[in-house]
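**Q** Fold the following, please.
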Amino acid sequence: MEKQYYVYIMTNKRNAVLYTGVTSDLIKRVYEHKAKLVNGFTKKYNINKLVFYEVFNDVHNAIVREKQIKAGSRQKKIDLINGMNSKWQDLYENL
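**A** Residues are numbered from 1 along each chain as shown. All right, here's what the predicted structure looks like:
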């Protein structure tokens, strides 16, 4: 089985702050954010809701995409989320 990589966007309860990351284990990584096991930005801003993700088969392509999303405006991130998850529901439960 080929390894997969994920670029994801998470937010807080009020959808006020957006966090973009990349990982090879989306379920584990989102759990770490939700359980506040990761010190830093996501813990400080109570980032606990997965609202967007994309799947890649190549780590290089995933990292390039993460950088592209991070470099974009907040509105571009909102547009990405709305395209996949217009109600901004937590996608973690369905992984």
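**Q** Please make it C-alpha for all contacts and neighbour counts, starting now.
**A** OK.
**Q** Counting neighbours, what do you get for the closest residue to residue 47 other than its chain neighbours?
**A** In space, and not counting its chain neighbours, residue 47 is closest to residue 12: 4.4 Å by Cα to Cα, 6 or more residues apart in numbering. For residue 12, the neighbour count with other Cα atoms under 10 Å is 18.
**Q** State whether residue 12 and residue 48 are indeed in contact, as I suppose.
**A** Yes: counting by Cα atoms under 8 Å, residue 12 does reach residue 48; the two are 5.5 Å apart.
**Q** measure residue 78 to residue 39 for me?
**A** 25 Å (Cα to Cα, to the nearest Å).
**Q** who has more neighbours, the two?
**A** Neighbours per residue (other Cα under 10 Å) separate residue 78 from residue 39, with residue 78 holding more: 18 against 10.
**Q** State whether the more buried one is indeed within a strand.
**A** No: under DSSP: H, G, I helix; E, B strand; the rest coil, residue 78 sits outside any strand and is assigned helix.
**Q** List the contacts of the closest residue to residue 57 other than its chain neighbours.
**A** Among residues not flanking residue 57 along the chain, residue 4 sits closest, at 4.8 Å (Cα to Cα, 6+ apart). Contact analysis of residue 4 by Cα atoms under 8 Å, 6 or more residues apart in numbering lists 24, 55-59.
**Q** And residue 69, by the same measure?
**A** Applying Cα under 8 Å, 6+ apart, we find residue 69 in contact with 20, 76-77.
**Q** Enumerate every residue touching residue 74.
**A** When contacts are counted by Cα under 8 Å, 6+ apart, residue 74 touches residue 18.
**Q** cutoff 10 Å now
**A** If you count contacts by Cα atoms under 10 Å, 6 or more residues apart in numbering, residue 74 has them with 17-18, 80.
**Q** what would those residues look like in CSV with distance to residue 44?
**A** Shown next, in CSV, are the contacts of residue 74 (distance: Cα to Cα, whole Å):
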residue, distance to residue 44
17, 11
18, 12
80, 24
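**Q** hang on, the earlier thing: now intersect the contacts of residue 4 with the strands, please.
**A** When these are checked against strands (DSSP state E), the matches are 55-56.
**Q** Give the buried subset of the contacts of residue 4 as a PyMOL selection command.
**A** For the buried members of those, the matching PyMOL selection, counting by 16 or more other Cα atoms under 10 Å, is:
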select buried, resi 24+55+56+59
